[in-house]
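Participant: Can you look at this prediction? I've put the sequence above it.
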Amino acid sequence: MPATYDDAPLTCEVRSRRTSNGVLIQARAFADRDIDASYDLRIVKSGGGNSSEISQSGDFSLDAGSSAVLGENEMSFERGSHLRAYLTISDADGELCQRTFRL
């Protein structure tokens, strides 16, 4: 179950889209007010004969009312594979948003 951050200045999501090569995982943020923060995106794939882990992170700034793709990665996705993506966004005061995605 996703954590709830009632007074957070942004919301976040992890979404997927099937591609001809497998699946595209995308992490996004939507700002309610101006914000400077950092994100950490970790994607773990297992099963289907192989496993892999990808980590992306960085700092970003958003103006109120804007959104951004923070990180994305396309991975092969075979029958029997399992994929999990973990997104955490924090600023100087602490964690603002966290999402977990399973496929």
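Facilitator: That came in fine, so what should we check first?
Participant: Name the surrounding residues that touch stretch 7-18.
Facilitator: Applying CB atoms under 8 Å, 6 or more residues apart in numbering, the contact partners of stretch 7-18 are 23-35, 37, 39, 41, 62, 70, 83, 85, 87, 89, 96-101, 103. To be clear about C-beta, it is placed using only N, CA and C from the backbone, and glycine gets the same treatment.
Participant: For the top strand by length along the chain, buried residues please.
Facilitator: Of all segments of type strand in the chain, defined using DSSP state E, the longest is strand 35-47. Neighbour counts over strand 35-47 (16 or more other CB atoms under 10 Å) mark Ile35, Ala37, Tyr39, Asp40, Leu41, Arg42, Ile43, Lys45 as buried.
Participant: what ranges do the strands span in the chain?
Facilitator: Under DSSP E, the chain gives strands at 10-19, 22-31, 35-47, 52-62, 67-75, 81-91, 94-102.
Participant: Output those in TSV, with mean pLDDT appended to each entry.
Facilitator: Shown next, in TSV, are those (pLDDT from 0 to 100):
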stretch	mean pLDDT
strand 10-19	95
strand 22-31	95
strand 35-47	95
strand 52-62	95
strand 67-75	94
strand 81-91	95
strand 94-102	94
